[in-house]
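# This is the structure alone, sequence omitted:
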């Protein structure tokens, strides 16, 4: 598009002097494409040996350069937040997962490990390929306690309601999702000195309308560990999070800072409860999937909360439960008076069958209540039931023993 990308020094000079606005790109570009772009800016610095905070300057600076010198339209608040900040909340877990793959190969990882790391986080692979020994040092993980879970499933819509225009969607679909918890609390020798020494990363996709169901990342930016007696250990502090959630009828995405805790409690021998509780505020976007043009969603500050629970019974079964809420206000937003209230909850049961193989069921409910001055309120709900095969990465569902 020549109107947008034929930039010159004059358009750059104009944009430097222009107060940022909220742009008009599509939801996928602003809330998925731009954070991933920010993760790339961040990743090239991070995989060159810079710290998390130093690399954040590259994502912020890269986004500023792109919006002022690479395009003719004005710079935008939403891109600075989603790319410059949200890009680091997405990029650091990808960087660490790529380095875990490399670290498993010792001092000289083999070709398949190099390829795997590059697929997870391309900047790591590119820097290692182009600069060789200069940037071939593997990031030291300090051996964190981890839990991974890969699930393949079949889901069906148990209930759907919408008081707006009729929308088409797929009631049955095949799904895939991946979860990694990194740096789980409880290990005596593990410390939380660096941002994202603890993080939780989730990714899900399906064959239904829209390929990405969700990408969610949260990590401890600054905090410390604690213990209460012999059965309870945890961490607490300031967390950063990036969420992209897109059921088939509406979507929400947020970059946020929260205060909270992640902990593990041995309720009795062989029964452990792991949980995270967070409360904070971010800058979010939400709206319906259908509607005229690309700009069928709204921006605004969003107070939000999260509670995630995992109850583990020995090495045989676990129950997962979590709930999220986002309240997107009209303060400093881009729409008339109103709000968006998004609520999402799920519960699942996983039972080990043999070795790392398990079977499970899951139920997810997501609802949206929207109010805009002069327009009828919108109420949307989607409830999904799933049968899943699970490949577990840990013999005891991620329980940390001490």
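Cool, the structure landed. Since we're looking at a predicted model, the values are computed, not measured.

# which residue sits closest to residue 38, ignoring its sequence neighbours?
Closest residue in space to residue 38, ignoring its immediate chain neighbours: residue 87 at 2.0 Å, by Cβ to Cβ, 6 or more residues apart in numbering. Every residue, glycine included, has its C-beta placed from N, CA and C.

# quick one: that neighbour and residue 75, what's the gap?
According to Cβ to Cβ, to the nearest Å, residue 87 stands 16 Å off from residue 75.

# Look at those two and report which has more neighbours.
Regarding residue 87 and residue 75, a neighbour count based on other Cβ atoms under 10 Å identifies residue 87 as having more, with 30 against 19.

# where does the more buried one fall, phi/psi-wise?
With angles defined as degrees, to the nearest 10, residue 87 sits at phi -60, psi -30.

# residues in contact with it?
By Cβ atoms under 8 Å, 6 or more residues apart in numbering, the contact set of residue 87 is 34-42, 59, 63.

# between those residues, which is closest to residue 226?
Using Cβ to Cβ, residue 42 comes nearest to residue 226 of those, at 29.8 Å.

# looking at this, the closest one is in a helix?
Yes: assessed by DSSP: H, G, I helix; E, B strand; the rest coil, residue 42 belongs to a helix.

# Mind jotting down where the helices sit in the chain?
2-5, 9-16, 27-28, 34-46, 52-65, 77-79, 86-103, 111-120, 122-131 (DSSP state H).

# any idea how far residue 337 is from residue 288?
Residue 337 is 18 Å from residue 288, by Cβ to Cβ.

# Tell me which of the two has more neighbours.
Neighbour tally, residue 337 and residue 288, criterion other Cβ under 10 Å: the higher count belongs to residue 288, 19 against 11.

# That one - nearest residue in space that isn't next to it in sequence?
Nearest to residue 288 is residue 250, by Cβ to Cβ, 6+ apart, at 5.0 Å.

# That neighbour: how many residues sit nearby?
With other Cβ under 10 Å as criterion, residue 250 counts 27.

# Might one say that it is in contact with residue 298?
No: judged on Cβ atoms under 8 Å, residue 250 makes no contact with residue 298 at a distance of 11.6 Å.

# one step back: a markdown table please, covering the helices of the chain and showing mean pLDDT.
Below are the helices of the chain laid out as a markdown table (pLDDT from 0 to 100):
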| stretch | mean pLDDT |
| --- | --- |
| helix 2-5 | 79 |
| helix 9-16 | 92 |
| helix 27-28 | 88 |
| helix 34-46 | 95 |
| helix 52-65 | 95 |
| helix 77-79 | 88 |
| helix 86-103 | 96 |
| helix 111-120 | 94 |
| helix 122-131 | 93 |
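
# of all these, which lies closest to residue 379?
Nearest to residue 379, of all the helices of the chain, is helix 27-28, at 19.8 Å by Cβ to Cβ.
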